[in-house]
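Novice: Next come a sequence and a model predicted from it.
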Amino acid sequence: MENIKILIADDHQVFRQGLISLISNNSDIEIANDCDNGTEALTFIENLKPDIAILDVSMPGMNGLEVMSHVLEEGLNTRIIFLTMHKEIKIIDHAMAQGASGYLLKDEAFEHLLSAIELVSQGKIYLSIELNSELATYRSNRSHEGLTAREAEIVHYISNGLSNKEIAKELHISPRTVDTHRTRLMRKLGLHRATDLVRYAIKEGLDI
């Protein structure tokens, strides 16, 4: 099995060096490079193609969210873990909805970062139990363009690949009722294909 290749981008040098020391003790992880700004981080990601980039949200040149946006637009395979002091739930929600694979606060970095790297390298998502709970509450309380609770449930199950029959079983309704909800949803949201509904679910955080 090849080592997990990572990039670290954080404008606080002492903190960045601490991360490097922590990670260097793990023989399964290789540090491809490190830097102190977003512009350089994007260049390194494009050229070195690390498996994972650990980014701060706030950085000179280009912030971490902008870096991730470019990575996704360019179709690069590098997964993004945000490691930051930003606890604002709107920022966390935005980061995860846009495609981040993990989000950690700096005060939990040295306890959980290695576990986060391992999970994300396996294609999984990392959020602490506390952040995951806060995010779930925030998303459930948020209005989804006038969707009813039942419609939001339907979108959730569709985005997770369930068929009408499977959704009907989960919600204890008939497949025909599910189909009616689906048709109304598509019309309400101005969508034409099931894949558009999946994209909508991801954007609005209804896919988890």
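Specialist: On my side now, so go ahead. Residues are numbered from 1 along each chain as shown.

Novice: I figured A116 was touching A100, is that so?
Specialist: No - contact criterion C-beta atoms under 8 Å: A116 and A100 do not qualify, at 11.2 Å. C-beta: built from backbone N, CA, C; applies to glycine.

Novice: shared neighbours of these two, anything?
Specialist: Residues touching both A116 and A100 (C-beta atoms under 8 Å, 6 or more residues apart in numbering) are I81.

Novice: Can you tell me how far R187 is from I91?
Specialist: Remark: distance between R187 and I91 (C-beta to C-beta, to the nearest Å) = 33 Å.

Novice: sorry, that was for L113
Specialist: Following C-beta to C-beta, the distance that separates L113 from I91 is 19 Å.

Novice: quick one, which of the two is more surrounded?
Specialist: It is L113, of L113 and I91, that has more neighbours when counted by other C-beta atoms under 10 Å, with 21 against 17.

Novice: okay, now the domains of this structure?
Specialist: According to automatic domain parsing, the chain is divided into the following domains: 4-139, 143-204.

Novice: which of these sits most buried?
Specialist: By mean neighbour count, with neighbours taken as mean count of other C-beta atoms under 10 Å, domain 4-139 ranks first of the domains of the chain at a mean of 17.

Novice: can you give me the mean pLDDT across it?
Specialist: Domain 4-139 shows a mean pLDDT of 93 in the predicted model.
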